[in-house]
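>>> Here is my input, please return the structure:
(4 chains)
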Number of protein chains: 2
Amino acid sequence: MTKNIEKEIFRQYIITNNLKFSRQREEIIEVFFSIDKHLSVDDIYRILKKKRISVGYTTVYRTMRLLCECNLAQERMFGDGQTRYEHVYGHHHHDHLICIKCRKIQEFHNPRIERLQEIVAGDNNFRALYHKLEIYGICEKCESERRSKE
Amino acid sequence: MTKNIEKEIFRQYIITNNLKFSRQREEIIEVFFSIDKHLSVDDIYRILKKKRISVGYTTVYRTMRLLCECNLAQERMFGDGQTRYEHVYGHHHHDHLICIKCRKIQEFHNPRIERLQEIVAGDNNFRALYHKLEIYGICEKCESERRSKE
DNA sequence: CTAGTTGCAAACCCTTTGCATAGAT
DNA sequence: ATCTATGCAAAGGGTTTGCAACTAG
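As a prediction, this is how the structure comes out:
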(Lines give C-alpha, C1' and ligand atoms only; values in the text may rest on other atoms or scores of the structure.)
Protein backbone atom coordinates (compact mmCIF):
# COMPACT_ATOMS: atom_id res chain seq x y z
CA MET A 1 0.00 0.00 0.00
CA THR A 2 1.94 2.97 -1.30
CA LYS A 3 -0.84 5.12 0.06
CA ASN A 4 0.17 4.43 3.62
CA ILE A 5 3.84 5.10 3.01
CA GLU A 6 2.84 8.46 1.61
CA LYS A 7 0.60 9.18 4.55
CA GLU A 8 3.47 8.35 6.87
CA ILE A 9 5.87 10.64 5.01
CA PHE A 10 3.29 13.39 5.17
CA ARG A 11 2.78 12.85 8.86
CA GLN A 12 6.53 13.10 9.41
CA TYR A 13 6.64 16.33 7.44
CA ILE A 14 3.80 17.70 9.54
CA ILE A 15 5.53 16.82 12.79
CA THR A 16 8.92 18.12 11.70
CA ASN A 17 7.42 21.46 10.75
CA ASN A 18 5.20 21.88 13.78
CA LEU A 19 2.07 21.63 11.71
CA LYS A 20 -1.07 19.73 12.53
CA PHE A 21 -2.50 16.56 11.10
CA SER A 22 -6.11 17.62 10.73
CA ARG A 23 -9.06 15.52 9.73
CA GLN A 24 -9.31 17.49 6.47
CA ARG A 25 -5.69 16.90 5.52
CA GLU A 26 -6.10 13.22 6.14
CA GLU A 27 -9.25 13.04 4.02
CA ILE A 28 -7.60 14.90 1.16
CA ILE A 29 -4.47 12.78 0.98
CA GLU A 30 -6.59 9.66 1.38
CA VAL A 31 -8.45 10.60 -1.81
CA PHE A 32 -5.48 11.95 -3.72
CA PHE A 33 -3.19 8.98 -3.21
CA SER A 34 -5.87 6.36 -3.68
CA ILE A 35 -6.59 7.53 -7.24
CA ASP A 36 -3.89 7.02 -9.81
CA LYS A 37 -4.78 9.96 -12.04
CA HIS A 38 -3.82 13.57 -12.53
CA LEU A 39 -6.42 15.22 -10.34
CA SER A 40 -7.18 18.93 -10.09
CA VAL A 41 -8.26 20.71 -6.93
CA ASP A 42 -11.74 20.71 -8.33
CA ASP A 43 -11.65 16.95 -8.95
CA ILE A 44 -10.57 16.28 -5.39
CA TYR A 45 -13.15 18.65 -3.99
CA ARG A 46 -15.94 16.99 -5.95
CA ILE A 47 -14.89 13.50 -4.91
CA LEU A 48 -14.92 14.54 -1.27
CA LYS A 49 -18.32 16.16 -1.73
CA LYS A 50 -19.71 13.02 -3.30
CA LYS A 51 -18.46 11.02 -0.33
CA ARG A 52 -20.22 13.53 1.92
CA ILE A 53 -16.92 14.54 3.47
CA SER A 54 -16.96 18.22 4.32
CA VAL A 55 -13.77 20.03 3.30
CA GLY A 56 -13.45 23.58 1.97
CA TYR A 57 -12.16 24.38 -1.48
CA THR A 58 -9.44 26.52 0.01
CA THR A 59 -8.25 23.72 2.23
CA VAL A 60 -7.78 21.45 -0.76
CA TYR A 61 -5.59 24.10 -2.39
CA ARG A 62 -3.56 24.54 0.76
CA THR A 63 -3.12 20.83 1.30
CA MET A 64 -1.99 20.27 -2.27
CA ARG A 65 0.61 22.97 -1.83
CA LEU A 66 1.82 21.17 1.29
CA LEU A 67 2.08 17.90 -0.62
CA CYS A 68 4.18 19.65 -3.25
CA GLU A 69 6.42 21.15 -0.60
CA CYS A 70 7.23 17.76 0.85
CA ASN A 71 7.71 16.29 -2.63
CA LEU A 72 4.85 13.85 -2.48
CA ALA A 73 3.07 15.63 -5.32
CA GLN A 74 3.97 17.78 -8.28
CA GLU A 75 2.01 20.39 -10.17
CA ARG A 76 1.31 19.83 -13.86
CA MET A 77 -0.35 22.07 -16.37
CA PHE A 78 -1.61 20.47 -19.55
CA GLY A 79 -3.07 23.56 -21.09
CA ASP A 80 -6.72 23.16 -20.18
CA GLY A 81 -6.45 25.97 -17.65
CA GLN A 82 -6.41 23.81 -14.54
CA THR A 83 -3.46 22.76 -12.48
CA ARG A 84 -3.35 19.04 -11.93
CA TYR A 85 -1.28 17.10 -9.45
CA GLU A 86 0.61 13.88 -9.86
CA HIS A 87 2.03 11.41 -7.37
CA VAL A 88 5.76 11.56 -6.99
CA TYR A 89 6.71 8.95 -4.41
CA GLY A 90 8.00 5.80 -6.06
CA HIS A 91 7.55 7.19 -9.55
CA HIS A 92 10.60 7.83 -11.70
CA HIS A 93 10.74 10.67 -14.18
CA HIS A 94 8.31 10.23 -17.02
CA ASP A 95 6.57 12.14 -19.77
CA HIS A 96 2.98 12.23 -20.99
CA LEU A 97 0.72 11.14 -23.80
CA ILE A 98 -2.40 13.28 -23.82
CA CYS A 99 -5.52 12.30 -25.69
CA ILE A 100 -7.10 15.39 -27.21
CA LYS A 101 -10.48 13.68 -27.42
CA CYS A 102 -11.09 12.22 -23.98
CA ARG A 103 -8.30 14.13 -22.18
CA LYS A 104 -6.90 10.92 -20.72
CA ILE A 105 -3.29 11.21 -19.68
CA GLN A 106 -0.93 8.26 -19.96
CA GLU A 107 2.60 8.28 -18.63
CA PHE A 108 5.60 6.83 -20.38
CA HIS A 109 9.30 6.66 -19.90
CA ASN A 110 11.92 6.56 -22.60
CA PRO A 111 15.60 6.90 -21.77
CA ARG A 112 16.41 8.26 -25.22
CA ILE A 113 14.71 11.48 -24.31
CA GLU A 114 17.10 12.13 -21.47
CA ARG A 115 19.97 11.66 -23.88
CA LEU A 116 18.35 13.90 -26.44
CA GLN A 117 17.94 16.60 -23.84
CA GLU A 118 21.69 16.53 -23.28
CA ILE A 119 22.49 16.69 -26.98
CA VAL A 120 20.17 19.61 -27.65
CA ALA A 121 21.40 21.47 -24.58
CA GLY A 122 25.00 20.92 -25.64
CA ASP A 123 24.31 22.23 -29.13
CA ASN A 124 22.83 25.40 -27.66
CA ASN A 125 25.21 26.05 -24.76
CA PHE A 126 22.33 25.59 -22.42
CA ARG A 127 22.49 23.92 -19.01
CA ALA A 128 19.47 21.62 -19.03
CA LEU A 129 17.90 20.91 -15.67
CA TYR A 130 14.67 19.19 -16.57
CA HIS A 131 12.22 18.87 -19.40
CA LYS A 132 8.64 18.23 -20.26
CA LEU A 133 7.65 16.22 -23.28
CA GLU A 134 3.97 16.06 -24.00
CA ILE A 135 2.73 14.10 -26.98
CA TYR A 136 -0.79 14.99 -28.00
CA GLY A 137 -2.95 12.73 -30.11
CA ILE A 138 -5.67 10.11 -29.99
CA CYS A 139 -5.59 7.28 -27.48
CA GLU A 140 -6.25 3.68 -28.39
CA LYS A 141 -9.81 3.69 -27.05
CA CYS A 142 -10.87 6.86 -28.86
CA GLU A 143 -9.22 5.69 -32.04
CA SER A 144 -11.08 2.38 -32.07
CA GLU A 145 -14.35 4.14 -31.29
CA ARG A 146 -13.72 6.44 -34.19
CA ARG A 147 -12.99 3.51 -36.49
CA SER A 148 -16.12 1.60 -35.51
CA LYS A 149 -18.27 4.61 -36.33
CA GLU A 150 -17.08 4.78 -39.91
CA MET B 1 10.15 41.14 -45.48
CA THR B 2 8.26 38.31 -43.89
CA LYS B 3 6.19 40.91 -42.10
CA ASN B 4 4.52 42.05 -45.29
CA ILE B 5 3.76 38.56 -46.46
CA GLU B 6 2.03 37.98 -43.15
CA LYS B 7 0.12 41.21 -43.45
CA GLU B 8 -1.00 40.17 -46.91
CA ILE B 9 -2.15 36.75 -45.73
CA PHE B 10 -4.04 38.43 -42.92
CA ARG B 11 -5.66 40.84 -45.32
CA GLN B 12 -6.74 37.95 -47.49
CA TYR B 13 -8.22 36.19 -44.51
CA ILE B 14 -10.08 39.36 -43.58
CA ILE B 15 -11.52 39.76 -47.05
CA THR B 16 -12.47 36.10 -47.43
CA ASN B 17 -14.37 36.17 -44.19
CA ASN B 18 -16.09 39.51 -44.68
CA LEU B 19 -14.20 41.08 -41.85
CA LYS B 20 -12.65 44.53 -41.75
CA PHE B 21 -9.06 45.62 -41.82
CA SER B 22 -9.15 48.23 -39.08
CA ARG B 23 -6.41 50.62 -38.05
CA GLN B 24 -6.09 48.73 -34.73
CA ARG B 25 -5.66 45.35 -36.38
CA GLU B 26 -2.98 46.77 -38.61
CA GLU B 27 -1.10 48.32 -35.70
CA ILE B 28 -1.24 45.09 -33.71
CA ILE B 29 0.06 42.83 -36.45
CA GLU B 30 2.69 45.43 -37.32
CA VAL B 31 4.06 45.15 -33.78
CA PHE B 32 3.60 41.41 -33.39
CA PHE B 33 5.33 40.40 -36.60
CA SER B 34 8.14 42.90 -36.31
CA ILE B 35 9.34 41.41 -33.03
CA ASP B 36 10.79 37.94 -33.12
CA LYS B 37 9.87 36.92 -29.59
CA HIS B 38 7.11 35.13 -27.77
CA LEU B 39 4.92 38.08 -26.86
CA SER B 40 1.93 38.08 -24.53
CA VAL B 41 -1.14 40.24 -24.98
CA ASP B 42 0.21 42.43 -22.24
CA ASP B 43 3.57 42.80 -24.00
CA ILE B 44 1.90 43.87 -27.20
CA TYR B 45 -0.40 46.26 -25.40
CA ARG B 46 2.52 47.91 -23.59
CA ILE B 47 4.54 48.28 -26.77
CA LEU B 48 1.62 49.98 -28.49
CA LYS B 49 1.11 52.24 -25.47
CA LYS B 50 4.77 53.20 -25.50
CA LYS B 51 4.47 54.11 -29.16
CA ARG B 52 1.43 56.21 -28.25
CA ILE B 53 -0.79 54.08 -30.42
CA SER B 54 -4.22 53.81 -28.90
CA VAL B 55 -5.60 50.27 -28.93
CA GLY B 56 -7.71 48.59 -26.28
CA TYR B 57 -6.57 45.57 -24.33
CA THR B 58 -9.59 43.64 -25.53
CA THR B 59 -8.81 44.36 -29.13
CA VAL B 60 -5.36 42.88 -28.75
CA TYR B 61 -6.88 39.68 -27.40
CA ARG B 62 -9.36 39.54 -30.22
CA THR B 63 -6.79 40.21 -32.89
CA MET B 64 -4.46 37.54 -31.55
CA ARG B 65 -7.29 35.07 -31.71
CA LEU B 66 -7.84 36.03 -35.30
CA LEU B 67 -4.16 35.51 -36.08
CA CYS B 68 -4.38 32.04 -34.54
CA GLU B 69 -7.46 31.25 -36.58
CA CYS B 70 -5.71 32.03 -39.83
CA ASN B 71 -2.60 30.13 -38.70
CA LEU B 72 -0.29 33.09 -38.64
CA ALA B 73 0.21 32.73 -34.89
CA GLN B 74 0.03 30.00 -32.30
CA GLU B 75 -0.69 30.11 -28.57
CA ARG B 76 1.98 28.88 -26.18
CA MET B 77 1.87 28.49 -22.43
CA PHE B 78 5.18 28.19 -20.67
CA GLY B 79 3.80 27.94 -17.18
CA ASP B 80 4.20 31.51 -16.00
CA GLY B 81 0.46 32.05 -16.22
CA GLN B 82 0.43 34.12 -19.39
CA THR B 83 -0.40 32.96 -22.86
CA ARG B 84 2.27 33.92 -25.36
CA TYR B 85 2.07 33.89 -29.13
CA GLU B 86 4.60 32.78 -31.68
CA HIS B 87 4.93 33.40 -35.38
CA VAL B 88 4.01 30.46 -37.54
CA TYR B 89 4.46 31.56 -41.13
CA GLY B 90 7.76 30.32 -42.56
CA HIS B 91 8.74 28.62 -39.32
CA HIS B 92 9.03 24.85 -39.28
CA HIS B 93 8.10 22.88 -36.20
CA HIS B 94 10.44 23.46 -33.31
CA ASP B 95 10.71 23.04 -29.56
CA HIS B 96 11.87 25.31 -26.77
CA LEU B 97 14.70 25.89 -24.35
CA ILE B 98 13.46 27.99 -21.46
CA CYS B 99 15.79 29.76 -19.08
CA ILE B 100 14.38 29.58 -15.57
CA LYS B 101 16.43 32.61 -14.51
CA CYS B 102 15.79 35.23 -17.16
CA ARG B 103 12.79 33.53 -18.79
CA LYS B 104 14.36 33.82 -22.23
CA ILE B 105 12.96 31.36 -24.72
CA GLN B 106 15.15 29.88 -27.44
CA GLU B 107 13.84 27.71 -30.20
CA PHE B 108 15.52 24.61 -31.54
CA HIS B 109 14.80 21.88 -33.99
CA ASN B 110 15.98 18.32 -33.77
CA PRO B 111 14.66 15.69 -36.15
CA ARG B 112 15.33 12.90 -33.68
CA ILE B 113 12.48 14.12 -31.57
CA GLU B 114 9.99 13.54 -34.35
CA ARG B 115 11.26 10.01 -34.66
CA LEU B 116 11.11 9.51 -30.93
CA GLN B 117 7.53 10.68 -30.91
CA GLU B 118 6.67 7.94 -33.39
CA ILE B 119 8.46 5.27 -31.39
CA VAL B 120 6.81 6.19 -28.13
CA ALA B 121 3.41 6.46 -29.75
CA GLY B 122 3.87 3.07 -31.38
CA ASP B 123 4.82 1.46 -28.06
CA ASN B 124 1.65 2.81 -26.49
CA ASN B 125 -0.85 2.31 -29.30
CA PHE B 126 -1.31 6.02 -29.44
CA ARG B 127 -1.86 8.08 -32.58
CA ALA B 128 0.52 10.99 -32.11
CA LEU B 129 -0.50 14.24 -33.75
CA TYR B 130 1.93 16.74 -32.31
CA HIS B 131 4.14 17.26 -29.31
CA LYS B 132 5.70 19.86 -27.11
CA LEU B 133 9.17 19.46 -25.75
CA GLU B 134 10.29 22.11 -23.33
CA ILE B 135 13.73 21.92 -21.83
CA TYR B 136 14.14 24.08 -18.74
CA GLY B 137 17.51 25.18 -17.46
CA ILE B 138 20.02 28.00 -17.43
CA CYS B 139 20.89 29.88 -20.62
CA GLU B 140 24.43 30.68 -21.65
CA LYS B 141 24.23 34.30 -20.51
CA CYS B 142 22.83 33.55 -17.07
CA GLU B 143 25.30 30.73 -16.61
CA SER B 144 28.31 32.92 -17.36
CA GLU B 145 26.96 35.65 -15.09
CA ARG B 146 26.61 33.11 -12.35
CA ARG B 147 30.18 31.90 -12.89
CA SER B 148 31.64 35.38 -12.83
CA LYS B 149 29.99 36.09 -9.50
CA GLU B 150 31.70 33.14 -7.80
C1' DC C 1 -25.73 52.76 -45.26
C1' DT C 2 -24.80 48.73 -42.49
C1' DA C 3 -22.55 44.88 -40.74
C1' DG C 4 -18.44 44.29 -38.35
C1' DT C 5 -15.21 46.57 -34.77
C1' DT C 6 -13.95 48.94 -30.77
C1' DG C 7 -13.29 49.65 -25.84
C1' DC C 8 -15.06 50.17 -21.56
C1' DA C 9 -17.00 47.80 -17.65
C1' DA C 10 -18.57 43.79 -15.91
C1' DA C 11 -18.36 38.90 -15.79
C1' DC C 12 -15.53 34.66 -15.70
C1' DC C 13 -12.44 31.10 -14.19
C1' DC C 14 -8.91 29.51 -11.35
C1' DT C 15 -6.21 30.60 -7.44
C1' DT C 16 -4.76 33.18 -3.25
C1' DT C 17 -5.47 35.93 0.94
C1' DG C 18 -7.65 38.12 5.22
C1' DC C 19 -9.76 37.10 9.16
C1' DA C 20 -12.73 35.37 12.79
C1' DT C 21 -13.69 30.83 14.47
C1' DA C 22 -12.61 25.93 15.26
C1' DG C 23 -9.46 22.36 16.38
C1' DA C 24 -4.97 19.64 17.21
C1' DT C 25 -1.41 18.85 20.42
C1' DA D 1 -3.65 26.98 26.58
C1' DT D 2 -1.51 27.89 22.52
C1' DC D 3 -0.73 28.17 18.06
C1' DT D 4 -2.04 26.29 13.64
C1' DA D 5 -5.95 25.04 10.41
C1' DT D 6 -10.32 25.96 8.53
C1' DG D 7 -13.66 28.09 5.48
C1' DC D 8 -16.07 31.72 4.11
C1' DA D 9 -16.00 35.87 1.47
C1' DA D 10 -13.36 38.98 -0.86
C1' DA D 11 -9.48 40.06 -3.75
C1' DG D 12 -6.28 38.78 -7.55
C1' DG D 13 -4.56 37.93 -12.23
C1' DG D 14 -5.49 36.60 -16.81
C1' DT D 15 -9.10 36.23 -20.19
C1' DT D 16 -13.80 36.74 -22.19
C1' DT D 17 -18.27 38.92 -23.05
C1' DG D 18 -22.23 42.47 -23.37
C1' DC D 19 -23.26 46.46 -25.32
C1' DA D 20 -23.55 51.24 -27.01
C1' DA D 21 -20.82 54.07 -29.90
C1' DC D 22 -17.92 53.96 -33.92
C1' DT D 23 -15.99 52.92 -38.59
C1' DA D 24 -14.47 50.35 -42.84
C1' DG D 25 -16.14 49.05 -47.11
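>>> ranges for the strands of chain A?
Here chain A has its strands, by DSSP state E, at A:39-40, A:73-77, A:83-87, A:95-99, A:105-108, A:127-138.
>>> near DNA strand D at all, the shortest one?
Going back to what we said before, that points to strand A:39-40. No. Counting by Cβ under 7 Å from any atom of the strand, DNA strand D is not contacted by strand A:39-40; separation bottoms out at 14.4 Å. Placement of C-beta: from N, CA and C, glycine included.
>>> Now do the longest helix seen in chain A against strand A:73-77, angle only.
Ranked by residue count, the top helix of chain A under DSSP state H comes out as helix A:2-16. For helix A:2-16 against strand A:73-77, the angle by axes from the mean of the first three to the mean of the last three Cα atoms, to 10 degrees is 110 degrees.
>>> Tell me which other helices or strands helix A:2-16 touches.
If you count contacts as 3 or more Cβ pairs under 8 Å, 6 or more residues apart in numbering or on different chains; DSSP states H and E, helix A:2-16 packs onto helix A:23-34, helix A:57-69.
>>> near DNA strand C, which residues of chain A show up?
A:14, A:20-23, A:40-42, A:57-58, A:61-62, A:65, A:81-83.
>>> In chain A, what residue lies closest to DNA strand C?
A:Thr83 (3.1 Å; Cβ to the nearest atom of the strand).
>>> what about that residue, neighbour count?
Number of residues near A:Thr83 (other Cβ atoms under 10 Å in any protein chain shown) recorded here: 16.
>>> Next one: it from chain B, what distance?
10 Å (Cβ to the nearest Cβ, to the nearest Å).
>>> beta partners for that residue?
A:Met77 (DSSP bridges).
>>> Can you check what pLDDT the model gives it?
Looking at A:Thr83, its pLDDT is 95.
>>> Run a quick check on it versus A:Cys68, I expect a contact.
No. Using Cβ atoms under 8 Å, A:Thr83 is not in contact with A:Cys68; the gap is 10.1 Å.
>>> Return every residue with contacts to both of these two.
Shared contacts of A:Thr83 and A:Cys68 (Cβ atoms under 8 Å, 6 or more residues apart in numbering or on different chains): A:Glu75.
>>> what pLDDT does the most centrally placed residue in chain A get?
Chain A has A:Glu86 as the residue nearest its centroid, 1.3 Å off, counting by Cα atoms, centre = their mean. Predicted confidence (pLDDT) for A:Glu86: 96.
>>> gap between it and A:Asp95?
12 Å (Cβ to Cβ, to the nearest Å).
>>> how far out from the middle of the chain is stretch A:133-150?
Relative to the centre of its chain, stretch A:133-150 is centred 22 Å away, using Cα atoms, centre = their mean, to the nearest Å.
>>> And A:Cys139, its phi and psi?
phi -80, psi 170 (degrees, to the nearest 10).
>>> Tell me how many other residues crowd it.
22.
>>> can you pull the contacts of the nearest residue to it once chain neighbours are set aside?
Spatial nearest neighbour of A:Cys139, chain neighbours left out: A:Cys99 (3.8 Å); criterion: Cβ to Cβ, 6 or more residues apart in numbering or on different chains. With contacts defined as Cβ under 8 Å, 6+ apart, A:Cys99 is in contact with A:105-106, A:137-139, A:142, B:126.
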